[in-house]
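> the sequence and its predicted three-dimensional model are supplied below.
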Amino acid sequence: MIWEIAWPIIISMLAQNIVGVTDTAFLGRVGEAELGGSAIGGLFYIILFMVGFGFTTGVQILVARRYGEKDYSRIGNIFDNSFYFLAITSFVVTLLIMFLAPPLLKVIVASEAIYNTSVVYLKYRIFGLFFATGTLLFRSFYTGINFTRYLSASSAIMAGVNVFLDYGLIFGKFGFPEMGIAGAAIASAISEVVALTFLFVITFRNPRLKQYQLFKWVRPEWKEIKSTLEVSVFVMIQYVLSLSVWFVFFLIIEKMGERPLAVSNIARSIYMFLMIPGWALASVTNSMVSNVIGEGKKEQVLPVTIRIIGFSSLLLIGVVSLAALFPHSIIGIFTNDQSLILATIPTFYIILGALLMFSLSSILFNAVLGTGNTRITLIIEIITLVIYVVYTWFIAISLKKPVELVWTSEWIYALFLGILSFLYLKKGKWREKVI
């Protein structure tokens, strides 16, 4: 059952990450300033994206809980009102970023070349925000009801559109103008429009989904939005904090020079790509934990979590072992600069170790999320992030160690996240939480 739910999510995340990987791989052949600009601009965008991701994670927990309780008609009401909230939020954020992002980036980015390219990237990329968060809402719905097969199809379509447009718009192929980093941002935004359109059409046409009463589009109900926010708001804050700290991590790296930033951008893309099975199983975890609690089987929470950890460990050991054999080939996907490839190899092996640790800790953390006590997950995240930032600053700025040692901060993050999550599951009061 774990695998049946997980594999379409894995395919979905694989396809979605192809968007970021394609940007990095193509821009790595344009120049290091473009590569660094896409890293800074892309991370800035992802921080905003995480507002929607945090909200829809709360939606997924609620949908899974109502599914476990067999309260199917309530699911459609949660979905429609969540769509209203995301539409309004995305519109407001897009307007704000159009005006505020350039002066903000000017203050925090040291390199003029990277500042210019990151502003250009974000200027076009931000228009995909509404469509990206809409797609997240569908993913939360399908994962919550344990019916994930459409996710892989929508993401495959998105990835295919993005690769085609990326190549055409970055390099001026297929009759498109040569737009460089702007072309990468436009391609990503258009691919998200296509993915959301597909999900709307396929969901509307499926008679099996009628029982959930989606797309009623009645007047927005503030009470429903408020109850969803009570679960989601702490997750939203948590994800924004987490990505903001990773943004700070890259700003610290940027102060080490353009080469360490280029190495770290490649490492980030590899890390996010190889972590897909772990993230998919983490998403399955919070849904299954919420399901079994909704069914009145709270005693199954820890056994389900342990089974998913075992499954994830086997999967990630296979991924890491295979990747460790081909460092040059994997890094070579992102750049043809041999000196940059050699400079990235030490960091590559550091992130392979982080993959194993983070996959286990994220499952424990998502089990805590699935209990619905999102206030506790925020506290766990804040404690872990403080330790992470202090460690990163100490290694990079105080000790001035090479970039690969700075990346051991990911080990520290995973270690503390896992320990604190496990302690809460063993001794916390999550059994008393009602959502």
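Ah, there it is.
> can you pull out the strands in this structure?
Ranges of strands in the chain, per DSSP state E: none exist.
> ok, now how distant is the nearest residue to I46 once chain neighbours are set aside from L62?
Leaving out its chain neighbours, the residue that sits closest to I46 by Cβ to Cβ, 6 or more residues apart in numbering is L243, at 5.6 Å. C-beta: built from backbone N, CA, C; applies to glycine. Going from L243 to L62 by Cβ to Cβ, to the nearest Å gives 23 Å.
> ok, those two, which is more surrounded?
Between L243 and L62, L62 has the larger neighbour count (other Cβ atoms under 10 Å), namely 27 against 22.
> tell me how far stretch 420-435 lies from the chain's centre.
Distance of stretch 420-435 from its chain centroid, counting by Cα atoms, centre = their mean, to the nearest Å, is 24 Å.
> for stretch 138-148, same thing?
Taking mean C-alpha positions (Cα atoms, centre = their mean), stretch 138-148 and its chain are 16 Å apart.
> quick one: mean pLDDT for that stretch?
Mean per-residue pLDDT for stretch 138-148: 89.
> could you export it as CSV, CA atoms only?
Extracted in CSV, the C-alpha atoms of stretch 138-148 (Å, rounded to 0.1, in the frame of the first residue of the first chain):
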residue,chain,number,x,y,z
PHE,A,138,-4.5,19.0,-6.4
ARG,A,139,-1.5,17.0,-5.2
SER,A,140,-2.7,17.4,-1.6
PHE,A,141,-6.2,16.2,-2.5
TYR,A,142,-5.0,13.1,-4.4
THR,A,143,-2.5,12.2,-1.8
GLY,A,144,-5.0,12.6,1.0
ILE,A,145,-7.5,10.2,-0.6
ASN,A,146,-4.7,7.7,-1.5
PHE,A,147,-5.3,8.1,-5.2
THR,A,148,-2.2,9.5,-6.8
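> and for that stretch, what's in contact with it?
The contact list for stretch 138-148, computed with Cβ atoms under 8 Å, 6 or more residues apart in numbering, reads 1, 4-6, 8-9, 12, 56-57, 59-64, 66-67, 75, 79, 150-151, 154, 196, 199, 203, 212, 214, 283-284, 287, 290-291.
> the residue sitting furthest away from the middle of the chain and A25: what is the separation?
Residue distances from the centre of the chain (Cα atoms, centre = their mean) peak at G175, which lies 32.9 Å from the mean C-alpha position. Using Cβ to Cβ, one obtains 22 Å as the distance from G175 to A25.
> got it, and V163?
10 Å.
> isn't Y388 up against S244?
No: the criterion here is Cβ atoms under 8 Å, and Y388 misses it with S244 at 11.7 Å.
> between the two, who's got more neighbours?
Comparing Y388 with S244 by other Cβ under 10 Å, the one with more neighbours is Y388, at 23 against 16.
> out of everything not next to it in sequence, what's closest to the more buried one?
What sits nearest to Y388 in space, not counting adjacent residues and going by Cβ to Cβ, 6+ apart, is Y413, at 4.6 Å.
> test my guess that the one you found contacts T384.
Yes: assessed by Cβ under 8 Å, Y413 is found in contact with T384 at 5.9 Å.
> with adjacent residues omitted, what lies nearest to the residue farthest from the centre of the chain?
Closest residue in space to G175, ignoring its immediate chain neighbours: G168 at 7.7 Å, by Cβ to Cβ, 6+ apart.
> the one you found - how many residues pack around it?
G168: 18 neighbours (other Cβ under 10 Å).
> what's it in contact with, if anything?
Contacts for G168 were tallied using Cβ under 8 Å, 6+ apart; they are 174-176, 183, 187.
> out of those residues, which sit inside helices?
Judged by DSSP state H, the contacts of G168 include 183, 187 as members of helices.
> top of the contacts of G168 by neighbour count?
Using other Cβ under 10 Å as the neighbour test, the contacts of G168 are led by A187, with 28 neighbours.
> run a quick neighbour tally on the residue nearest to it when sequence neighbours are not counted.
Here the nearest residue to A187 in space, its sequence neighbours aside, is L165; by Cβ to Cβ, 6+ apart that works out to 3.5 Å. Number of residues near L165 (other Cβ under 10 Å) recorded here: 22.
> you'd agree L165 is up against A185?
No: using Cβ under 8 Å, L165 is not in contact with A185, being 10.6 Å away.
> sorry, back to before: separation between the residue nearest to A187 and G183?
From L165 to G183 the distance is 8 Å (Cβ to Cβ).
> and if you look at E32?
E32 is 18 Å from G183, where distance means Cβ to Cβ.
> what does S361 give?
Taking Cβ to Cβ as the measure, S361 falls 37 Å from G183.
> quick revisit: quick check: neighbours shared by L165 and G183?
The contact sets of L165 and G183 overlap at F176 (Cβ under 8 Å, 6+ apart).
> now the residue farthest from the centre of the chain: phi and psi?
Dihedral angles of G175 (phi, psi; degrees, to the nearest 10) stand at phi 90, psi 0.
> for the nearest residue to F55 once chain neighbours are set aside, grab the count of nearby residues.
Excluding the flanking residues, the one nearest F55 by Cβ to Cβ, 6+ apart is S232, at 4.5 Å. Other residues lying near S232 total 24 when counted by other Cβ under 10 Å.
> residues touching the closest residue to G28 other than its chain neighbours, list them.
In space, G28 comes closest to T335 once its chain neighbours are excluded; the distance is 4.0 Å by Cβ to Cβ, 6+ apart. Contact analysis of T335 by Cβ under 8 Å, 6+ apart lists 28-29, 35, 262, 266, 341.
> try it again with 10 Å
Listed by Cβ atoms under 10 Å, 6 or more residues apart in numbering, the contact set of T335 reads 24-25, 27-29, 32, 35, 262-263, 265-266, 341, 343-344.
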